[in-house]
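>>> everything below, folded, please.
(one chain, ligands or ions: 1)
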Amino acid sequence: MSDSIGDTTAPEIETETESEVETGSDSVAEAAVGDEADPTITTVDNPVVKANELTVHYDDVQALQPVSMGIPQGEVTAIIGPSGCGKSTFLRCINRMNDLVDSAQMDGELLFKGKNVYDDDVDPVALRRKIGMVFQKPNPFPKSIYDNVAYGLNVRGDDENLDERVERALKRAALWDEVKDQLDESGLELSGGQQQRLCIARAIAADPEVILMDEPASALDPVATSKIEDLIAELAEDYTVIVVTHNMQQAARISDKTAVFLTGGKLVEFDNTQKIFENPDHQRVEDYITGKFG
Ligand SMILES: Nc1ncnc2c1ncn2[C@@H]1O[C@H](COP(=O)(O)OP(=O)(O)OP(=O)(O)O)[C@@H](O)[C@H]1O
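Numbering: from 1, shown residues only. A predicted model of the protein is given here:
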């Protein structure tokens with residue numbers, strides 16, 4: 001099996017429907033202080049995902065103004081901002097989920113490990129195995145718990161040591177202990193929080209490098225939310241996690257870096273999470289995180 005995202009022979013799997021690197025730099029944000037900086041330029045060591053002047057239109061509506069930022073490997077990056085500011089649009093560019101929207105037009109570059117994911121030779125299905133996605137509403141298949149996790153592997157005929165890999169993915173998603181005696185039962189019978197961890201296990205089974213999460217806990221109760229937050233911290237030991245959230249306390253709790261998008265689809269600030277929440281460079285970011293608007 002090829003790991004290449006440009007491997008156009010990669011078999012189809014389901015699953016979900018729906019500035020240069022500067023080494024030796026501590027700073028992730030080099031935006032000029034003040035609100036006139038346009039666009040925000042960011043530099044990080046070792047970015048796994050990098051946007052260069054990425055813009056998105058839906059027909060005539062510009063959803064993202066040119067976004068340039070590097071997302072560091074092996075960390076949790078939160079994307080926050082008011083409703084309609086382009087958070088999901090940006091996230092969905094990273095694994096080309098916006099391809100599924102006819103009116104969406106992407107320009108600029110979105111690099112995954114240095115390769116533009118919009119190059120003609122990139123297979124979006126193979127890309128989505130490397131960059132998995134978890135949605136706001138848990139969306140397990142109407143299949144057994146086991147088959148939910150094994151599905152992608154089965155579809156591409158990659159069924160060696162399947163039991164072991166299913167167990168490993170469920171353990172990694174902190175669900176194994178709760179479901180190990182009911183693997184044949186339907187995934188739909190699990191609680192909402194368990195279903196979301198099942199979806200995370202399904203993404204993990206494909207052996208991704210990056211996991212995108214679009215408001216993964218917003219449909220869950222506080223206990224289930226707390227479990228997902230703990231899990232995100234654990235996942236960052238092995239994966240790069242990029243999470244869109246409306247919940248600023250959650251962003252502050254779970255992320256290493258935070259990107260703030262504001263109205264008009266503009267990336268206004270991107271920096272270490274503590275800096276964003278304690279001493280942002282931009283007044284508008286401070287106003288947003290202190291609840292003055294949004
Ligand atoms: N499929 C689509 N077709 C047309 N316009 C869209 C589509 N998806 C998003 N948009 C528009 O693009 C802009 C950005 O939307 P997006 O969903 O990315 O924002 P968001 O910050 O994730 O919002 P929310 O927090 O409410 O989910 C909005 O103006 C939205 O109406």
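>>> what residues does the stretch 151-294 of the chain put near the ligand?
Within the stretch 151-294 of the chain, the positions near the ligand by CB under 6 Å from any ligand atom are His246. Heads up, the C-betas are built off the backbone N, CA and C, glycines and all.
>>> low-confidence stretches in the stretch 151-294 of the chain?
294 (pLDDT under 70).
>>> how does it look with 80?
Residues of the stretch 151-294 of the chain that meet the criterion pLDDT under 80 lie in 293-294.
>>> now do the strands in it.
Chain-ordered strands for the stretch 151-294 of the chain, with DSSP state E, counting those that start in this stretch as the definition, fall at 210-214, 240-244, 257-262, 266-272.
>>> list the beta-bridge partners for the spatially most central residue of the chain.
Taking CA atoms, centre = their mean, the centroid of the chain lies closest to Leu212, which sits 1.7 Å from it. Leu212 has the following beta-bridge partners by DSSP bridges: Met133, Ile242.
>>> so who does it touch?
Taking CB atoms under 8 Å, 6 or more residues apart in numbering, we find Leu212 in contact with Leu91, Arg92, Ile94, Asn95, Ile131, Gly132, Met133, Val134, Ile242, Val243.
>>> returning to that earlier point: save the strands of the stretch 151-294 of the chain as CSV, and put in distance to Lys180 too.
Below are these laid out as CSV (distance: least, CB to CB, whole Å):
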stretch, distance to Lys180
strand 210-214, 23
strand 240-244, 25
strand 257-262, 35
strand 266-272, 39
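>>> which residue packs closest to whatever residue of the stretch 101-250 of the chain ends up closest to the ligand, ignoring adjacent ones?
The ligand sits closest to Val101 of the stretch 101-250 of the chain, with a gap of 4.4 Å, by CB to the nearest ligand atom. What sits nearest to Val101 in space, not counting adjacent residues and going by CB to CB, 6 or more residues apart in numbering, is Tyr58, at 7.0 Å.
>>> burial of that neighbour, as a residue count?
Around Tyr58 there are 14 other residues, counting by other CB atoms under 10 Å.
>>> how much space between it and Val67?
15 Å (CB to CB, to the nearest Å).
>>> try Thr290
24 Å.
>>> try Leu127
Taking CB to CB as the measure, Leu127 falls 19 Å from Val67.
>>> and Asp238, by the same measure?
For Asp238 relative to Val67 (CB to CB), the value is 27 Å.
>>> next: Val243.
Distance from Val243 to Val67, counting by CB to CB: 17 Å.
>>> tell me the pLDDT of the residue of the stretch 101-250 of the chain closest to the ligand.
Turning to Val101, the model gives it a pLDDT of 95.
>>> many thanks, have a good one.
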